[in-house]
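J.: Predicted model follows, preceded by the sequence.
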Amino acid sequence: LLLNFVCPRQHTTAFVPSSGRIYSFGLGGNGQLGTGTTSNRKSPFTVKGNWLPYSAQCPMTTDSEEYYCVKRIFSGGDQSFAHYFYPQNMVPPDDFRYPDFLKQIWTVNETFIQRLLSFPCGRLPVEIANEIDGTFSSAGCLNGSFLALSNDDHYKTSARFSGVDMNAARLLFHKLIQPEHAHISQQVAASLEKNLIPKLTSSLPDVEALRLYLTLPECPLMSDANNFTTLAIPFGTAVLNLEKAPLKVLENWWSVLEPPLFLKIVELYKDVVVHLLKLCKMGVPASERRILTNFLHTAFRVLEILHRVCLHQGQVIQYDRFYIHEIQDLIDIRNDYVNWVQQQVFGMVSCVGFHLVDWANPVALTTSIPIHICCAFKDKSDGHFMLTGTFVFQMAVDQAHRQNLSSLFLPVFESVNPCLILMVRRDNIVGDAVEVLRKTKNVDYKKPLKVIFVGEEAVDAGGVRKEFFLLIMRELLDPKYGMFRYYEESRLIWFSDKTFEDSDLFHLIGVVCGLAIYNFTIVDLHFPLALYKKLLNKKPSLDDLKELMPDVGRGMQQLLDYPEDDIEEAFCLNFTITVENFGTTEIKELVPNGADIPVVKQNRQDFVDAYVDYIFNRSVASLFSAFHAGFHKVCGGKVLQLFQPSELQAMVIGNTNYDWKELEKNTEYKGEYWADHPTIKIFWEVFHELSLEKKKQFLLLFVTGSDRIPILGMKCLKLVIQPTGGGEGYLPVAHTCFNLLDLPKYTDKETLKSKLIQAIDHYEGFSLV
């Protein structure tokens with residue numbers, strides 16, 4: 001029967017009281033097994049020594065041989081130890097089957113907290129204050145707290161499993177840190193600040209020593225703005241100082257946190273950034289600027305690590321939860337971006353204002369006196385800045401409008417280029433547009449676009465252009481051209497390798513998408529996210545196949561998840577793909593000699609990867625290349641790499657985050673109308689009662705020229721409503737160029753509803769009114 005059993009990471013020792021002997025096994029390269037050799041042992045082997053069980057008689061010997069009675073054993077790292085007594089004063093060995101709570105380390109638990117809270121507010125007894133200080137000054141005490149005690153999970157702590165009950169940590173911390181017990185909070189904060197955090201080291205003896213890095217952010221003191229510079233920033237510094245191996249373990253633990261727990265850490269350091277930027281805006285003495293710069297650097301680098309975990313470990317939280325929206329009120333992001341590009345290209349450092357910094361090159365942080373900040377951060381692993389969609393959008397437009405001066409330099413001054421004039425016939429919109437673009441291949445398209453429909457009177461102040469993009473994309477994507485394949489299940493399209501159209505049309509579509517972004521116009525493209533990944537030079541994945549071809553994607557996932565070894569017999573696959581070719585089927589090899597390579601358990605991931613690569617890359621390489629060139633002709637540049645694929649998608653096609661109350665709130669009125677005018681009140685009653693489809697058509701007609709909204713959201717849409725004469729027999733009239741609605745002074749709700757729906761149902765074509 002074992003009384004004492006010690007199991008460090010690479011070897012194990014055990015004490016058997018009936019014989020008094022110690023046994024060991026595992027790695028023995030440094031002699032830690034006590035067997036007299038440096039050999040490893042797969043099974044228990046007796047540790048050399050004259051061991052004597054408790055209460056046994058000492059053997060009678062003629063020599064000076066000594067015997068030992070074991071009290072307790074210890075093992076750790078590559079060492080083993082034993083406490084012992086001589087037979088003449090032996091005592092019973094420690095029995096660890098029955099823990100002695102008086103000999104255990106202090107931990108944060110329910111009993112401890114209830115005892116602390118039982119003391120009245122005010123000065124704590126010295127012994128209680130010492131216990132609080134001892135507990136929260138000790139990494140060992142905190143690492144031994146909040147363990148998953150409902151089962152034996154905490155005994156399984158590893159690089160993938162922390163053994164911590166995070167819910168217990170949250171609940172116990174919140175019970176302990178309460179406003180009415182400020183004296184306890186102050187003592188805890190002082191212990192963390194002065195004793196615990198400053199002593200955290202970069203190299204740790206075991207993964208269990210990382211537990212406090214997981215639990216400490218749950219302490220409410222960390223989220224208190226008063227403690228940002230004394231607790232949150234030093235704690236972040238300790239995280240950044242971890243060596244590569246323990247940091248990787250911590251990232252693994254973060255990746256399996258529940259989303260709300262992971263988000264809490266992200267929100268903590270976002271709040272730290274905002275707090276520091278507010279201090280910057282209020283003004284800080286020159287002597288403190290470098291310190292503040294270092295604090296910002298620390299907060300952004302912690303966010304960078306969290307961002308990397310989120311991206312590479314299956315997106316623990318939504319990407320946009322990293323956005324720091326308050327920055328738009330704290331810095332001039334456009335000017336900051338210009339200064340950053342100047343610094344990147346020419347090594348220039350402006351001496352005024354705030355600047356973006358490439359965090360992969362932190363030298364800038366220490367060489368420039370002005371505070372350098374990024375409105376989010378850059379992930380060194382993929383070179384990507386994490387910015388709010390608003391900022392990325394504004395910078396994309398700014399770069400496009402300025403880029404004509406030089407493809408490498410973003411000048412401070414706005415260009416004064418003339419606009420592009422495009423004259424097309426409504427009934428031959430594609431042919432005319434292709435002809436114009438063919439004749440102007442060497443023309444810089446980075447100019448405002450003005451569209452004229454032949455035979456129509458309207459002057460393009462934005463509305464005609466909106467309809468041009470709507471109509472030309474509808475025409476180009478029409479199945480009659482055979483340029484794209486439509487997938488019924490997903491209702492998405494992808495390039496068709498069976499098209500007879502030349503690459504000029506694909507180049508045109510790319511140019512049109514670029515021009516749409518440049519001219520603040522949403523286009524209706526039903527492509528999967530894979531298109532935007534490819535535009536950003538990111539590889540499509542199985543998730544993209546699931547989006548485009550759900551049935552095929554599900555089949556591929558089933559192949560990957562199949563638990564048995566008989567994959568070849570069960571699926572009967574080889575490295576080929578069967579495609580339709582004008583009524584016949586054709587077999588394409590995914591790899592050289594693919595028809596002779598069966599899919600088995602060992603290569604099934606390679607098969608899925610090759611299948612995805614064929615669908616999204618190999619089969620459409622020349623077509624996408626033309627599209628890519630057209631798009632980048634207008635929107636190429638450094639700023640494009642700041643996007644995530646989903647952000648670029650929202651830039652091109654908008655989004656569907658409708659907030660109709662926000663539209664009403666942002667609407668302006670002219671003439672006799674105001675928000676509480678009777679006609680306006682019944683207008684909004686009617687509008688909010690419309691079906692979703694009718695509301696989307698209203699956007700298409702009166703506001704955006706599309707049934708989707710811009711990346712900036714409803715808040716950027718400004719509808720203007722003004723009264724018009726003519727009586728209730730007239731229809732509402734759209735001045736789409738100006739987002740202006742002429743609304744007759746209807747007095748009857750039913751009449752207004754009828755006239756508005758009639759106007760919505762007849763929305764194409766322009767004329768002067």
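T.: Received it, and whenever you're ready, just let me know what you need. Since we're looking at a predicted model, the values are computed, not measured. Numbers count the residues shown, from 1 in each chain.

J.: okay, CA-based contacts and neighbour counts for the rest of this
T.: Fine.

J.: any idea how far residue 697 is from residue 262?
T.: 40 Å (CA to CA, to the nearest Å).

J.: Could you chop this structure up by domain?
T.: Each structural domain of the chain that the record assigns through the TED database is listed here as a residue range: 4-89, 537-620, 660-762.

J.: In a markdown table: those domains, plus distance to residue 438 and mean pLDDT.
T.: What follows is the domains of the chain, written out as a markdown table (distance: least, CA to CA, whole Å; pLDDT from 0 to 100):
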| stretch | distance to residue 438 | mean pLDDT |
| --- | --- | --- |
| domain 4-89 | 69 | 82 |
| domain 537-620 | 22 | 91 |
| domain 660-762 | 27 | 83 |
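
J.: Select, out of the ones you listed, the one closest to residue 214.
T.: Go through these one by one with CA to CA and the one that ends up closest to residue 214 is domain 4-89, at 21.0 Å.

J.: chain center to the closest one, what's the gap?
T.: For domain 4-89, the distance from its own C-alpha centre to the chain's C-alpha centre is 52 Å (CA atoms, centre = their mean, to the nearest Å).

J.: again with stretch 107-127
T.: Between the mean C-alpha location of stretch 107-127 and the chain-wide mean there is a distance of 40 Å, by CA atoms, centre = their mean.

J.: Could I have the CA atoms of that stretch written out in PDB?
T.: As requested, C-alpha coordinates have been extracted for stretch 107-127 and formatted as PDB (Å, rounded to 0.1, in the frame of the first residue of the first chain):
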ATOM      1  CA  THR A 107      -5.300  29.000  -1.300                       C
ATOM      2  CA  VAL A 108      -8.200  31.200  -2.400                       C
ATOM      3  CA  ASN A 109     -11.300  29.200  -1.600                       C
ATOM      4  CA  GLU A 110     -14.800  29.600  -0.200                       C
ATOM      5  CA  THR A 111     -13.800  29.100   3.400                       C
ATOM      6  CA  PHE A 112     -10.900  31.600   3.100                       C
ATOM      7  CA  ILE A 113     -13.200  34.300   1.600                       C
ATOM      8  CA  GLN A 114     -16.000  33.800   4.100                       C
ATOM      9  CA  ARG A 115     -13.600  34.200   6.900                       C
ATOM     10  CA  LEU A 116     -12.200  37.400   5.500                       C
ATOM     11  CA  LEU A 117     -15.700  38.900   4.800                       C
ATOM     12  CA  SER A 118     -16.700  38.100   8.400                       C
ATOM     13  CA  PHE A 119     -14.500  40.800   9.700                       C
ATOM     14  CA  PRO A 120     -16.100  44.300  10.000                       C
ATOM     15  CA  CYS A 121     -15.000  47.000   7.600                       C
ATOM     16  CA  GLY A 122     -12.000  48.900   8.700                       C
ATOM     17  CA  ARG A 123      -8.500  47.800   9.900                       C
ATOM     18  CA  LEU A 124      -7.900  44.000   9.500                       C
ATOM     19  CA  PRO A 125      -6.200  42.000  12.300                       C
ATOM     20  CA  VAL A 126      -2.500  41.600  11.700                       C
ATOM     21  CA  GLU A 127      -2.700  37.900  11.200                       C
END
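
J.: Pull the residues that contact it.
T.: Stretch 107-127 has contacts (CA atoms under 8 Å, 6 or more residues apart in numbering) with 128, 135, 141-142, 144-146, 172, 175-176, 180-184.

J.: Ranking by neighbours, what's the top pick from these?
T.: Highest neighbour count within the contacts of stretch 107-127, by other CA atoms under 10 Å: residue 146, with 26 neighbours.

J.: Ramachandran coordinates for it?
T.: Taking degrees, to the nearest 10, you get phi 60, psi 30 for the backbone angles of residue 146.

J.: Pretty sure it sits against residue 164.
T.: Yes - taking contacts as CA atoms under 8 Å, residue 146 lies within contact range of residue 164: 5.8 Å.

J.: hang on, the earlier thing: now the domains of the chain as CSV including mean neighbour count and distance to residue 168?
T.: What follows is those, written out as CSV (neighbours: other CA atoms under 10 Å; distance: least, CA to CA, whole Å):
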stretch, mean neighbour count, distance to residue 168
domain 4-89, 17, 26
domain 537-620, 16, 34
domain 660-762, 18, 39
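
J.: out of those, nearest to residue 519?
T.: The nearest among those, by CA to CA, is domain 660-762 at 12.0 Å.

J.: of all the domains of the chain, which lies closest to residue 312?
T.: Smallest distance to residue 312 across these (CA to CA): 13.0 Å, for domain 537-620.

J.: The closest one: end-to-end distance?
T.: Counting by CA to CA, the length from the leading to the trailing residue of domain 537-620 is 15 Å.
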